[in-house]
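Engineer: using only what follows, build the 3D model:
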Amino acid sequence: MPHEEPHRRTGRAEGRAAARLRTTGRVVLGGYLLAVGLATLRPRTVPWVEPANLTPFDTIRSVWLGGAAEAVLSLGAGLLLLAPLGFLLPLAAGLPAPRVLTFVRTVSVTAVLSLGIEVVRTTVPGQSADVDALILNTTGAGLVHAFLYPVVRRRIRRAVRPPAAEGDGDEGEGPAGGGRAALRHRQEPSGRGVPSRGEDVGPAPGRGGPRSPAGVGTGA
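Structural biologist: A predicted model of the protein is given here:
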């Protein structure tokens, strides 16, 4: 049917836009995770290695008591390490979703990734695992998601559901097509075609034109 073709074209455009958005998000996400892995999992040459910390907030407390400057640098680095995942993960998904559901999903995935990093660190020379690093990484991603997800969600929605295409012929769904269709209906109120220029149009019946000879009575 003629009305189905614009919808199919719009659907294909929406699919291509969503696919481009997902691909961009996944490429950026993969590149960022690779950079994080290279930065945090490098072997270090140190005289001694701190034992793994499995007590929540123990490292955070000791760093905080060590001074404000050290606390800001150390805790800030932990918060910022995986903070970009707060908007990269929804962007890589490429589909708008309820805010609470996306928040839970983003925080959960970030926690799993941070746990993986801490587990791998136990095998890297000069490094040890710290449960507080997992807490800080996950908190940073959650904070970024809470503040930036509305912007990302609007961008996803615009990409997945772009505005209707303009003017697709007389039957188009856009403003131009609708305007031409309405104009045509106004010009054809009775369903008859509009006469072309130069076409001979006779008088309407019963509307004062010249009478035919048969209209003059002569009596029988």
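
Engineer: which stretches of the chain aren't confidently modelled?
Structural biologist: Judged by pLDDT under 70, the chain has its weakly predicted residues at 1-14, 159-220.

Engineer: so in it, which helix runs the longest?
Structural biologist: Secondary structure of the chain read by DSSP state H shows that its longest helix is helix 4-40.

Engineer: endpoints of stretch 90-106, how far apart?
Structural biologist: In terms of Cα to Cα, to the nearest Å, the two terminal residues of stretch 90-106 are separated by 7 Å.

Engineer: now do the longest helix of the chain: which elements does it pack against?
Structural biologist: Here helix 4-40 touches helix 85-93, helix 99-121, helix 131-160, going by 3 or more Cβ pairs under 8 Å, 6 or more residues apart in numbering; DSSP states H and E. Just so you know, the C-beta spots here come from the backbone N, C-alpha and C atoms, and that holds for glycine as well.

Engineer: show me what counts as buried in that helix.
Structural biologist: 6, 10, 17, 18, 21, 22, 25, 26, 29, 33, 36, 40 (16 or more other Cβ atoms under 10 Å).

Engineer: circling back: now the helices and strands packed on helix 4-40 as TSV including mean neighbour count?
Structural biologist: Formatted as TSV, the helices and strands packed on helix 4-40 follow (neighbours: other Cβ atoms under 10 Å):
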stretch	mean neighbour count
helix 85-93	23
helix 99-121	16
helix 131-160	19
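
Engineer: out of those, which comes closest to residue 75?
Structural biologist: Nearest of the helices and strands packed on helix 4-40 to residue 75, taken as Cβ to Cβ: helix 131-160 at 6.4 Å.

Engineer: just want the angle from the closest one to helix 99-121.
Structural biologist: Relative orientation of helix 131-160 versus helix 99-121 (axes from the mean of the first three to the mean of the last three Cα atoms, to 10 degrees): 140 degrees.

Engineer: tell me the one among the buried residues of helix 4-40 nearest to residue 56.
Structural biologist: Using Cβ to Cβ, these come closest to residue 56 at residue 40, 19.9 Å.

Engineer: what about the residue nearest to the closest one when sequence neighbours are not counted, distance to residue 46?
Structural biologist: Distances taken as Cβ to Cβ, 6 or more residues apart in numbering place residue 117 nearest to residue 40, at 6.0 Å, with adjacent residues excluded. Separation of residue 117 from residue 46 (Cβ to Cβ, to the nearest Å) stands at 19 Å.

Engineer: ditto for residue 67
Structural biologist: 21 Å.

Engineer: which other residues reach stretch 69-80?
Structural biologist: Residues outside stretch 69-80 that contact it (Cβ atoms under 8 Å, 6 or more residues apart in numbering): 60, 63, 64, 132, 133, 136, 137, 139, 140, 143.
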